[in-house]
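Visitor: using only what follows, build the 3D model:
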Amino acid sequence: GPPEPFGGVPFFGELAKMFQGAGTGAWDTARQLAVQLATNGESEPNVEPVERLAMEQLVRVAELRVADASGLNVGGQHGLTAEITTRGGWATRTVSDYQPLLEGLAESLARPPTGVDDDDPSAAMFQAIFGMLGPALVGFTAGSMVGHLAQRALGGYTLPVPRPVDSAILLSVPAIDDLVEEWSLDRNDVRLWACVHEVAHHTVLGVPHIRERLTGLLDRHVRAFRTDMDGLEAQLGTLDPSDPSSFAALQQSLGDPDTVLGALRSAEQEELQPELAAMVAMVVGVADDLVARIGADLITTHDRITEAIHRRRVTTSASDRFVERLLGLELDQGQYDRGAGFVAGVRERAGADGLRRLYESDRMLPTAAEVDAPGLWLARIDLPTD
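Guide: So this is what the prediction gives:
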């Protein structure tokens with residue numbers, strides 16, 4: 001059958017369990033489900049103090065290098081703090097950090113469908129299901145998304161989503177060590193690479209006008225899902241209360257990410273997509289450029305690590321893609337290439353100083369057309385202002 005979203009978590013089985021414990025509140029449920037999925041329900045050993053200390057020292061190195069390469073104040077007045085943790089720890093922290101975004105997503109997913117015919121028993125059934133799912137959907141959506149991400153995330157910026165201001169750099173030791181094993185890489189080099197990657201993304205996403213613009217676009221996207229009754233029936237099929245097999249067909253449809261997203265996407269999201277995609281391409285382009293320049297100079301096996309990361313990016317599963325697309329992130333190879341093309345075009349014409357103009361103000365952020373034509377962007381920002 002089609003791939004199930006959220007790494008093969010059966011949609012209705014998990015929901016049924018959640019209804020039984022619905023009194024605990026949506027965010028407790030989200031955290032519990034996220035940790036359960038992140039750890040496969042097994043208890044994890046804590047990170048050894050000596051390991052934690054070693055990683056914190058690598059974060060210091062990354063902090064100095066990123067500050068030097070970007071010209072930005074990386075750690076504020078007191079320097080960066082780091083949370084060196086397990087997959088379960090990553091999941092717990094991420095549910096909390098993503099809460100505003102996930103609340104917006106869950107609210108729009110739980111909104112009753114439009115275009116309902118009161119005389120249609122199938123439509124009435126759908127409405128009843130949506131009404132019932134509301135609170136549970138919040139916890140289920142948030143928990144399963146974060147739990148799924150936690151299985152592979154090396155750090156807090158596995159997706160280019162801003163975290164709270166002044167939050168600690170988040171690093172998952174078991175996930176980093178698994179990448180080392182999987183690709184036979186040098187452990188210390190991969191750990192240093194992960195620290196540079198996290199600090200670079202933290203720094204770029206910490207620039208106030210970049211953070212505000214991207215957070216605003218992501219929030220508008222997740223709040224704009226619309227359940228249209230006609231679209232839902234066209235995508236998922238009709239639900240006949242007297243026919244048990246129609247429930248099985250619905251469950252199978254809900255397991256297919258493209259079907260689910262097709263039933264829920266709105267015209268507002270289609271309009272928003274070019275601006276959001278351009279912003280994401282620019283952010284990953286600039287952050288990846290910092291990582292590449294620092295890594296080439298600092299990490300002996302940098303090329304091998306980069307190759308492993310690129311291979312990993314293009315082989316993401318249907319479940320990964322589903323999570324990305326729910327948040328409005330289309331992180332395929334084309335997006336990364338687009339960001340890299342923008343950065344290369346600016347460097348060619350204006351050097352590193354050209355890129356630093358992005359950090360000056362909101363007016364300096366490129367439009368979708370300018371991401372594809374860096375010369376246009378440079379021409380615009382160099383024009384005198386009123």
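Visitor: could you use CA atoms for every contact and neighbour count after this?
Guide: Will do.
Visitor: ok, how many other residues are close to residue 308?
Guide: By the criterion of other CA atoms under 10 Å, residue 308 has 17 neighbours.
Visitor: what's the separation between the nearest residue to it once chain neighbours are set aside and residue 190?
Guide: Leaving aside its chain neighbours, residue 308 sits nearest to residue 183 (6.8 Å; criterion: CA to CA, 6 or more residues apart in numbering). With the distance defined as CA to CA, to the nearest Å, residue 183 ends up 11 Å from residue 190.
Visitor: between those two, which one's more packed in?
Guide: More crowded of residue 183 and residue 190, by other CA under 10 Å: residue 190, with 22 against 13.
Visitor: phi, psi of residue 47?
Guide: Main-chain torsions, residue 47, degrees, to the nearest 10: phi -70, psi 130.
Visitor: correct me, but it touches residue 83?
Guide: No - in this structure, residue 47 is not within contact of residue 83 by CA atoms under 8 Å, at 10.6 Å.
Visitor: what about these two, which has more around it?
Guide: Applying other CA under 10 Å to residue 47 and residue 83 shows that residue 83 carries more neighbours, namely 19 against 14.
Visitor: can you verify that one is assigned to a helix?
Guide: No - Residue 83: not assigned to a helix; according to DSSP: H, G, I helix; E, B strand; the rest coil it is strand.
Visitor: how about it, what does it touch?
Guide: Contacts for residue 83 (CA atoms under 8 Å, 6 or more residues apart in numbering) come out as 168, 169, 170, 171.
Visitor: likewise for residue 35?
Guide: Residue 35 sits next to 41, 87, 88, 89, 91, 92, 143, 147 when contact means CA under 8 Å, 6+ apart.
Visitor: can you turn the buried subset of the residues you listed into a selection I can paste into ChimeraX?
Guide: The buried residues among the contacts of residue 35 can be selected in ChimeraX (16 or more other CA atoms under 10 Å) with this line:
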select :87,88,89,91,92,143,147
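Visitor: and residue 272, how far from residue 214?
Guide: 12 Å.
Visitor: neighbour-wise, which of those two wins?
Guide: Of the pair residue 272 and residue 214, residue 214 is the one with more neighbours under other CA under 10 Å, namely 21 against 16.
Visitor: so the more buried one sits against residue 276, correct?
Guide: Yes - assessed by CA under 8 Å, residue 214 is found in contact with residue 276 at 7.3 Å.
Visitor: tell me which stretches of the stretch 51-200 of the chain form strands.
Guide: Ranges of strands in the stretch 51-200 of the chain, per DSSP state E, counting those that start in this stretch, are 82-85, 169-172.
Visitor: packing partners of the last one?
Guide: Using 3 or more CA pairs under 8 Å, 6 or more residues apart in numbering; DSSP states H and E, the elements in contact with strand 169-172 are strand 82-85, helix 87-97, helix 187-206.
Visitor: show me what contacts the residue lying closest to residue 69 once chain neighbours are set aside?
Guide: Spatial nearest neighbour of residue 69, chain neighbours left out: residue 290 (6.8 Å); criterion: CA to CA, 6+ apart. Contact analysis of residue 290 by CA under 8 Å, 6+ apart lists 66, 69, 70, 200.
Visitor: just the angle between the helix or strand harbouring residue 290 and helix 187-206, please?
Guide: Per DSSP states H and E: residue 290 is located in helix 267-298. Helix 267-298 runs at 130 degrees relative to helix 187-206, counting by axes from the mean of the first three to the mean of the last three CA atoms, to 10 degrees.
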